[in-house]
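1. okay, predicted coordinates and the sequence, questions at the end:
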Amino acid sequence: MHIGLRNVKLSSFLLLFLLACNREEKLPDTVTFSEHIAPILFKECTYCHREGGTSHFELKTYRQAKGYATAMAFVTKEKMMPPWPADPHYTEFIGQRILSEKQIKLFKKWVTDGLQEGDKTKLPPLPQYPFGSMIGTPDVRLPIQPILLPANSSDHFVLVKVPFELPSETYVSTIEFVPGRNNVVHHVNGDLVRYDFNKKRNVFDGELSTNMVLDTTIKLAFDKLGLANDDGTYPALQKSTVNYLPGVTAQQYPEGIGSFHLPRKGAFLLNDIHYGFTKKEVLDSSYINLFFAKNPTTRPLQEFQLGTIGVSPVEPNMIMLPDVEKKVWSKYRVPKDISILTINPHMHLLGKSFKAYALKPDGDTIRLISIPRWDFNWQYFYTFKKMVKIPAGSTIVAEGVYDNTRKNLNNPFNPPQIITDQNGSMKATDEMFQFIISYLPYEPGDENRSLEK
């Protein structure tokens, strides 16, 4: 009797579960733009697909969406768009853009239903975004000297100085690099040149950019840029203050975390702007946005990286033989308790997958990130929803798989060739394996502190 009753309860539960699933997946009889497609676009797509966004076309109106409808149905079904390489089932991050299976089916059904516009009164309001920024209205915008790029099929690396002089010294919470509209900037690594006010009369002295290939030494490049103090000494550099990768949105943290002092006059030294290929001559006009902080930071960010030119070597090595898939890894033992805020995996064109986790001294695993299908074109700085505590003695492990075969459509060589990291070369046709970690020394309660801005 008890067994029969238990089976009835189980059957009822399964029936309710199946009914719930059917209700969740049920699609409307007719999918329209105003009622079904626009809400998805406005929430997940127009952030980039707008004037001043990072995409090369807009998706704000019915006419615009109709023109790309078939393509949208395909790229959403293949989960190419919205671009979010990290596996959301492994770890969740702030700002992730993931469509549900029902939303994906709505795009397909909209096409098969005839791309109807629907009742315009059901169209949600278009989100309002700041112009010239992905995150807000900056306090200061610093233009970067326009760079003319000839039509080319190779990488270009340029060293750039962005000088500034402010009414007074202040604190900055976020520095946002905004690439030019031609989509030729691949990445930027930049430092802050911290001048003592009385040691440099004119921070605008010298050239504003120089070709890294032509300048055989850093000193020669620095001399051209006029970076030295008036007495010939060199100012201090605050490392890694402005960075950019495809798809990256500048990191924003709650008040008191990550901001730093900005001198009245100084310069940003973009150690390199890496320009990719372009089929025609273009003029890049990128710029830097500064967002001031209300108060001095109490907890400045720190950073280290595993892998290429990092704190731990790549094993077994970064020699990629032709027609071979290869797995590599890098491991680092954390000497003290830390709180991780943001992580950035980095590979080049041969990258196939990436995974990172921490092994605690007691044997437990802390998930950090999994990217099952690496995409060179989308390399985010991933910020956790809450700080992740890594106890002292834990080992952080990063694993990568590279595909140097003809099956890899991104392989820069056909037939495949031997590819290495060239001791840290940033050329896209060489390789890299890095896992960059932004962290704070741990304080009690960090693991419960939200990082939502």
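-> Good, I have the coordinates.
2. low-confidence regions, the stretch 201-350 of the chain specifically.
-> 212-218 (pLDDT under 70).
3. at 80 instead, please
-> 211-221, 246-247, 272, 276-277, 295-298 (pLDDT under 80).
4. helices of that one, start to end?
-> 218-225 (DSSP state H, counting those that start in this stretch).
5. distance check, the closest residue to Ala250 other than its chain neighbours against Lys239.
-> Excluding the flanking residues, the one nearest Ala250 by CB to CB, 6 or more residues apart in numbering is Glu176, at 3.8 Å. Using the backbone N, CA and C atoms, a C-beta is placed for each residue, glycine as well. As judged by CB to CB, to the nearest Å, Glu176 and Lys239 stand 18 Å apart.
6. neighbour-wise, which of the two wins?
-> Between Glu176 and Lys239, counted using other CB atoms under 10 Å, the more crowded position is Glu176 (23 against 10).
7. pLDDT value on that one, please?
-> We note a pLDDT of 95 for Glu176 in this prediction.
8. give me the contact list for the helix or strand in which it is found.
-> Element membership of Glu176 [criterion: DSSP states H and E] is strand 170-178. Defining contact as CB atoms under 8 Å, 6 or more residues apart in numbering, one finds that strand 170-178 is touched by 132-135, 138, 188, 190, 241-244, 250-253, 255, 258-262, 268, 286-297.
9. mind doing that once more with 7 Å?
-> Residues outside strand 170-178 that contact it (CB atoms under 7 Å, 6 or more residues apart in numbering) are 132-133, 135, 188, 241-242, 244, 250-252, 258-262, 286-293, 296.
10. same deal with stretch 270-281?
-> Applying CB under 7 Å, 6+ apart, the set of residues contacting stretch 270-281 is 149-153, 155-160, 162, 184-191, 212, 426, 428.
11. from those, which land in strands?
-> 149, 156-160, 162, 185-191 (DSSP state E).
12. buried subset of those, written for PyMOL?
-> A single PyMOL command selects the buried members of those (16 or more other CB atoms under 10 Å):
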select buried, resi 149+156+158+159+160+162+185+186+187+188+189+190+191
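13. make CSV out of the ones in strands among the contacts of stretch 270-281 and add distance to Asn317 and pLDDT.
-> Output for the ones in strands among the contacts of stretch 270-281, formatted as CSV (distance: CB to CB, whole Å; pLDDT from 0 to 100):
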residue, distance to Asn317, pLDDT
Leu149, 34, 85
His156, 28, 83
Phe157, 25, 84
Val158, 30, 88
Leu159, 30, 89
Val160, 33, 92
Val162, 37, 95
Val185, 31, 87
His186, 25, 83
His187, 24, 84
Val188, 28, 90
Asn189, 24, 86
Gly190, 30, 90
Asp191, 30, 91
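14. can you tell me the closest non-neighbouring residue to Asp139?
-> Phe292 (4.5 Å).
15. is the one you found in a bridge, and if so with what?
-> Phe292 has these beta-bridge partners by DSSP bridges: Val172.
16. quick check: it vs Pro167, distance?
-> From Phe292 to Pro167 the distance is 12 Å (CB to CB).
17. also Lys280?
-> Distance from Lys280 to Pro167, by CB to CB: 41 Å.
18. who are the contact partners of the spatially most central residue of the chain?
-> Centroid-nearest residue in the chain, with CA atoms, centre = their mean: Tyr380, separated by 2.0 Å. Tyr380 makes contact with 247-248, according to CB under 7 Å, 6+ apart.
19. distance of it relative to Asp196?
-> Counting by CB to CB, the gap from Tyr380 to Asp196 is 36 Å.
20. again, but for Asp223
-> 20 Å.
21. same check, this time on Glu399
-> 45 Å.
22. which one of these two has more residues nearby?
-> Glu399 (17 against 13).
23. packing partners of whichever helix or strand the more buried one is part of?
-> Counting by DSSP H and E, the element that carries Glu399 is strand 395-404. On a contact count with 3 or more CB pairs under 7 Å, 6 or more residues apart in numbering; DSSP states H and E, strand 395-404 meets strand 302-307, strand 324-333, strand 351-359.
24. 10 Å - rerun?
-> strand 302-307, strand 324-333, strand 338-347, strand 351-359, strand 365-371, strand 433-441 (3 or more CB pairs under 10 Å, 6 or more residues apart in numbering; DSSP states H and E).
25. JSON lines for the ones you listed, including mean neighbour count?
-> Shown next, in JSON lines, are the helices and strands packed on strand 395-404 (neighbours: other CB atoms under 10 Å):
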{"stretch": "strand 302-307", "mean neighbour count": "18"}
{"stretch": "strand 324-333", "mean neighbour count": "17"}
{"stretch": "strand 338-347", "mean neighbour count": "23"}
{"stretch": "strand 351-359", "mean neighbour count": "21"}
{"stretch": "strand 365-371", "mean neighbour count": "19"}
{"stretch": "strand 433-441", "mean neighbour count": "20"}
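26. distance to Ile104 for those - can I get that in CSV?
-> Shown next, in CSV, are the helices and strands packed on strand 395-404 (distance: least, CB to CB, whole Å):
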stretch, distance to Ile104
strand 302-307, 34
strand 324-333, 30
strand 338-347, 25
strand 351-359, 22
strand 365-371, 20
strand 433-441, 31
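27. which residues in the stretch 1-150 of the chain form helices?
-> 2-25, 38-44, 62-67, 69-77, 101-112.
28. in contact with Gly400, which residues?
-> Residues near Gly400 by CB atoms under 10 Å, 6 or more residues apart in numbering: 307, 314, 318, 326-330, 345-347, 350-356, 371, 374, 431-435.
29. now do 6 Å
-> Gly400 sits next to 328, 347, 354, 433 when contact means CB atoms under 6 Å, 6 or more residues apart in numbering.
30. low-confidence ranges in the stretch 351-453 of the chain?
-> Looking at the stretch 351-453 of the chain by pLDDT under 80, you get 423-426, 453.
31. do that again at 70, thanks
-> For the stretch 351-453 of the chain, counting by pLDDT under 70, not a single residue falls below.
32. ok, now the stretch 1-150 of the chain?
-> Looking at the stretch 1-150 of the chain by pLDDT under 70, you get 1-25.
33. how about 50 then?
-> 1-10, 14, 16-23 (pLDDT under 50).
34. can you list the domains in this structure?
-> Split into domains by automatic domain parsing, the chain comes to 2-122, 140-292, 302-448.
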